[in-house]
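Undergrad: Structural data only, the sequence is not supplied:
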C-alpha cells in the first residue's frame with residue numbers, strides 16, 4: 001500500500017501528525033530522515049531465520 005501525506009507536517013521527534021507517539025528508537029522526525037540510500041531488512045532476533053518472498057521496491061516520483 002502507498003499512503004500519501006505531507007511530510008512537512010511531521011516536525012516532532014516525539015509525536016506523529018495524528019498525535020500518536022513515535023517509538024523511542026526513532027530519534028528524529030520523519031521529515032529529517034534521509035530520502036535516499038540503502039534499505040535494510042532485519043529479523044526480530046539476532047540469529048533467528050527470516051524469509052522474504054516477492055519483495056518489490058518501487059521508486060516514487
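TA: Nice, I can see it. Everything numeric here is computed off the predicted structure, so don't read it as measured data.

Undergrad: Which parts of this protein are strands?
TA: Per DSSP state E, the chain carries no strands over any range.

Undergrad: Sketch out the low-pLDDT regions of it for me.
TA: 1-2, 13, 27, 29-30 (pLDDT under 70).

Undergrad: Can you tell me how far the residue sitting furthest away from the middle of the chain is from residue 41?
TA: Distance to the chain centre peaks in the chain at residue 47, reaching 22.9 Å (criterion: CA atoms, centre = their mean). Here residue 47 is placed at a distance of 15 Å from residue 41 (CB to CB, to the nearest Å). Backbone N, C-alpha and C define where each C-beta goes, glycine included.

Undergrad: Repeat that for residue 61.
TA: For residue 61 relative to residue 41 (CB to CB), the value is 24 Å.

Undergrad: and if you look at residue 55?
TA: In terms of CB to CB, residue 55 sits 8 Å off from residue 41.

Undergrad: what do you get for residue 31?
TA: 24 Å.

Undergrad: quick one: which of these two has more around it?
TA: Neighbours were counted for residue 31 and for residue 41 using other CB atoms under 10 Å; residue 31 has more, 15 against 7.
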